[in-house]
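**Q** Sharing a model prediction with you, sequence too.
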Amino acid sequence: MTDRSGAAAPRELEMMVHCADLEAQLTAYGQGTLSDAQSRAIERHVAACRACERRVDAALAAIAPFPMGAKSGEGLVAAHPLSRSEQAAMRRNILARITPRRSLPRRGPTVALVALAASLAIVVVRRASPPRGASVPETALAEGDIDSSMLTASVPSAPMAAAERLARAYAAPEFEALDRATRELSEAMRAAPHDAALRTFRVTLDERRRELTARIARVGE
Amino acid sequence: MIAMPRRRERRPRRWLIVGALLAVVHQPPALGAQPASATSMANRGWRVHGEATVRVYLPAGRLTVETWDRDSVHLAGTLGPNAMLFGNGAPPHVKVGVEARSRVDSTLPQAWLVVQVPRRARLWVKAIDAELDLAGTQVELEAYTVRGAIRVRDVRGSTTIESIDAPVRLADASGDVRVRGSRATVECTRVHALATISTVSGAVVLRSSQVEGRVETVGGAITLDAVRPGGSLSLQSHAGDITLSLSTAARPVLQLWSRGGAVRQGQQQGDVRYGTIEARSFRGNVTVRTPY
């Protein structure tokens, strides 16, 4: 966005991102909590800066909700192939979810009580274990109507998701420590921009951040 | 009065049905999931080449890997209730691991395993929340865990250890060593190697070790008592203290720097024959002391 004279508009100048600022905003950017303007500013910067592009890619990989390297549904399936029985179970789950609910017929309190207990039992059993051999409920949609992306959109298995949560939880304070150190160094570098020793420290911090991000990514590999 | 007996007959049957359904609700394991106490034993072996690649994956529990002078891999142990073995092997490559029986149970599958591999095998171990006890590899070892502990001893060749929260203890190692820790301490004892060691907030302790290379940490302290003779070692900590306990009889050349902390060193000049240590801290203290 430039005006006719070619100068950047004031609003645009406010939203410019430098390499040093990017670090602090990486996590928020990956989680989508930045404003649109802030996100666009980062994307503009990344489009022009190779190093930051790599940094953003690594950060996004670390906080992705599915295994690293699985950026598309295809990759996800490759990383966590589902067996035929698991696919069938998921298909049944999806069909069950989209089945229209029927109102309970009025047949007296006994039948209602039995029906309530039966539905409670079904809910609890479904939560405890994947449905195996359960009959497919009648529905207006045939199985072929289900987009295969509904099957591939599943996140990793619960243990894998738990492992990723564990890794991120234990790494979180370390990222905070890195953020603090980066802020300290940035302040020092503003006072002494040509200090080679400070630049060395900065390179080291960036390296630690990359390593930690890569280690979290390895949980999902 | 005539209807009364009919009512008495029906009531027990109705509650029988409700009772049976409630019993099902309270006992989901009977419909597929394993009871909590159901562990199983594992005992498997594969014939492999002496320099085979062996990959072991364990989400939680304990893994002990030993090396032996046989061309085979053996795995034995106990699998937890939600755990089962997967994988297989061929002479050049064995991949074996533990995975969950249920994809919806978020508990990490647990196992307690002892694995023997050929001494010259290339070993790759990955865990999430487990204690790893690894010993004896002579060619290549790569170990990774998020939490738990990693103990590695008596290794040669290339050794790579990565952890997020697990303390790392490395003893009697030589060759090329890379350790990447985060929060927990990295402790190296009798390590004679070209080493790259890094942590974020964990301390690094080098004891009776002659190391050449780099040690870098953000918030952790660095302590060491020797450098490889003639070698060069770079130490860097952003906020941690660096303490060097160096003998006066064989003191290496020292280059010490701290921007925000104090630098304390004696008057004694070092000799390049005993190596060179460059120690830098952004705001920690750098101290050289003589061991008692």
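**A** Alright, I've got the coordinates.
**Q** Residue ranges in chain B under the pLDDT threshold?
**A** B:1-37, B:292 (pLDDT under 70).
**Q** at 50 instead, please
**A** B:1-5, B:7, B:27-36 (pLDDT under 50).
**Q** where do the helices sit along it?
**A** Here chain B has its helices, by DSSP state H, at B:4-26.
**Q** spatially speaking, which residue is in the middle of it?
**A** Centroid-nearest residue in chain B: residue B:150, 3.2 Å away (criterion: C-alpha atoms, centre = their mean).
**Q** Quick check: bridge partners of that one?
**A** For residue B:150, the beta-bridge partners are residue B:132, residue B:168 (DSSP bridges).
**Q** So it versus chain A, what's the distance?
**A** 13 Å (C-beta to the nearest C-beta, to the nearest Å). From N, CA and C alone the C-beta is placed, and that goes for glycine too.
**Q** quick one, what contacts that residue?
**A** By C-beta atoms under 8 Å, 6 or more residues apart in numbering or on different chains, the residues touching residue B:150 are B:131-132, B:134, B:143, B:161, B:163, B:166-169.
**Q** wait, isn't residue B:86 in contact with residue B:96?
**A** Yes: counting by C-beta atoms under 8 Å, residue B:86 touches residue B:96, with 7.3 Å between them.
**Q** In terms of neighbours, single out the busier of those two.
**A** Between residue B:86 and residue B:96, counted using other C-beta atoms under 10 Å in any protein chain shown, residue B:96 has the larger neighbour count: 21 against 10.
**Q** on that earlier part again, closest one of the contacts of residue B:150 to chain A?
**A** Top of the list for closeness to chain A, among the contacts of residue B:150 and by C-beta to the nearest C-beta, is residue B:163 at 8.0 Å.
**Q** number of nearby residues for the closest one?
**A** Residue B:163: 28 neighbours (other C-beta under 10 Å).
**Q** Bridge partners for it, pull those for me.
**A** Bridge pairing for residue B:163 - DSSP bridges - gives residue B:145.
**Q** if I look at it, how far off is residue B:225?
**A** Per C-beta to C-beta, to the nearest Å, residue B:163 is found 23 Å from residue B:225.
**Q** Give me every residue in the stretch 51-200 of chain B lying close to chain A.
**A** Taking C-beta under 8 Å from any C-beta of the partner chain, the part of the stretch 51-200 of chain B that reaches chain A is made up of B:59, B:82, B:99-100, B:102-109, B:126, B:128-129, B:144, B:146-147, B:162, B:164-165, B:180, B:182-183, B:198, B:200.
**Q** Surely residue B:120 is in contact with residue B:53?
**A** No: judged on C-beta under 8 Å, residue B:120 makes no contact with residue B:53 at a distance of 11.1 Å.
**Q** for chain B, longest strand please?
**A** strand B:53-68 (DSSP state E).
**Q** Same question for that one: list its buried residues.
**A** Neighbour-count burial for strand B:53-68 flags B:53-67 (criterion: 16 or more other C-beta atoms under 10 Å in any protein chain shown).
**Q** Then stretch B:109-116?
**A** Applying 16+ other C-beta under 10 Å to stretch B:109-116 flags B:109-113, B:115-116 as buried.
**Q** Distance from that stretch to the middle of the chain?
**A** 14 Å (C-alpha atoms, centre = their mean, to the nearest Å).
**Q** domain ranges for chain A?
**A** According to automatic domain parsing, chain A comprises the domains A:13-63, A:83-152, A:156-221.
**Q** lowest-confidence stretch among those domains?
**A** For the domains of chain A, mean pLDDT drops lowest on domain A:83-152, to a mean of 49.
**Q** and stretch B:48-56, how far out from the chain's middle?
**A** 20 Å.
**Q** contacts for it?
**A** Outside stretch B:48-56, the residues touching it (C-beta under 8 Å, 6+ apart) are B:63, B:65, B:71-73, B:75, B:87, B:89-97, B:113, B:115, B:117-126, B:139.
**Q** Would you mind listing which of those residues are buried?
**A** B:63, B:65, B:71-73, B:75, B:87, B:89, B:94, B:96-97, B:113, B:115, B:117-126, B:139.
**Q** packing partners for the longest helix along chain A?
**A** Longest helix in chain A by number of residues (criterion: DSSP H): helix A:158-191. When contacts are defined as 3 or more C-beta pairs under 8 Å, 6 or more residues apart in numbering or on different chains; DSSP states H and E, helix A:158-191 packs onto helix A:19-31, helix A:196-219, strand B:93-100, strand B:122-135.
**Q** Could you identify which of the ones you listed is most buried?
**A** Mean neighbours per residue, mean count of other C-beta atoms under 10 Å in any protein chain shown, is largest over those for strand B:122-135, with a mean of 22.
**Q** For that strand, output the C-alpha coordinates as PDB.
**A** Presented in PDB, the C-alpha positions along strand B:122-135 are these (Å, rounded to 0.1, in the frame of the first residue of the first chain):
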ATOM      1  CA  ARG B 122      23.200 -48.300  14.500                       C
ATOM      2  CA  LEU B 123      20.700 -47.800  17.300                       C
ATOM      3  CA  TRP B 124      17.900 -45.300  17.200                       C
ATOM      4  CA  VAL B 125      15.700 -44.900  20.200                       C
ATOM      5  CA  LYS B 126      12.700 -42.700  20.600                       C
ATOM      6  CA  ALA B 127      10.600 -42.300  23.700                       C
ATOM      7  CA  ILE B 128       8.100 -39.800  25.000                       C
ATOM      8  CA  ASP B 129       7.900 -40.200  28.800                       C
ATOM      9  CA  ALA B 130      10.300 -43.000  29.600                       C
ATOM     10  CA  GLU B 131      13.600 -43.800  31.300                       C
ATOM     11  CA  LEU B 132      16.200 -44.800  28.800                       C
ATOM     12  CA  ASP B 133      19.300 -46.800  29.900                       C
ATOM     13  CA  LEU B 134      21.500 -47.300  26.900                       C
ATOM     14  CA  ALA B 135      25.000 -48.800  26.900                       C
END
